[in-house]
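>>> My questions are about this predicted structure, shown below with the sequence.
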Amino acid sequence: METDSKPILNAIFAFLSSCPDNYDYPIGGKVSIPAVVEQELLAILDCNVTDELLKSVRQVISRDDAYSLVIFVVRMAVYAARTKDTTPIEKSLWILSVDDNEVDWRDTLIALAIIEDCSVRSGFDFKTKVQALAKLAPNRRRKTIEDGYLSRTPEMRDVETLGYKPIYPDSAELSYVRCY
């Protein structure tokens, strides 16, 4: 393993071992954004991801770990939208390319819709970055991103179409709730 990957890998495992019990999909339930454990992980994450790092994480994550990582990325997108700072999305987005269908494809679409909505709110270039992200992903995840999400019309990618509604959309309290 490359030396540069070890601190990130260790931080991911530290994060996964200390996720709160109520860290529920899609935005972590009632856990405040950002949680201390998220701040610690975000501080060490890097946008320059290596194949070796991705392979190392893929080899050891469970289904629950994969969901925790997706929740983390969604929460960092909400954090970015709340603060109007794209750094949390930029540093965490690559994590969506880690698992290969441990996270249900429908949950991946919802996560992408929330992240896209937050990207618009924060000024993050979602489409360009997600297209690049798809290239890092395993085959099934790549197809979910490209064919299942990006190929949809904007209306079909809308967060409300996928069942979630932003609440307090123009404030530092932005969150999302199920529409039904």
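Sure, I can see it.
>>> hey, let's count contacts and neighbours off CA atoms from now on
Fine.
>>> need the contact list for residue 138.
97, 98, 99, 100 (C-alpha atoms under 8 Å, 6 or more residues apart in numbering).
>>> and the spatially most central residue of the chain, helix, strand or coil?
The residue lying closest to the centre of the chain (C-alpha atoms, centre = their mean) is residue 73, at 2.4 Å. Put simply, residue 73 is helix when judged by DSSP: H, G, I helix; E, B strand; the rest coil.
>>> ok so, going back, just the buried ones from the contacts of residue 138?
Buried members of the contacts of residue 138, scored by 16 or more other C-alpha atoms under 10 Å, are 97, 98, 99, 100.
>>> that older thread, next one: the residue nearest to the centre of the chain from residue 111, what distance?
8 Å (C-alpha to C-alpha, to the nearest Å).
>>> Repeat that for residue 134.
Taking C-alpha to C-alpha, one finds residue 134 at 14 Å from residue 111.
>>> Check residue 61 too.
19 Å.
>>> Have a look at those two and say which one is more surrounded.
residue 111 (24 against 17; other C-alpha atoms under 10 Å).
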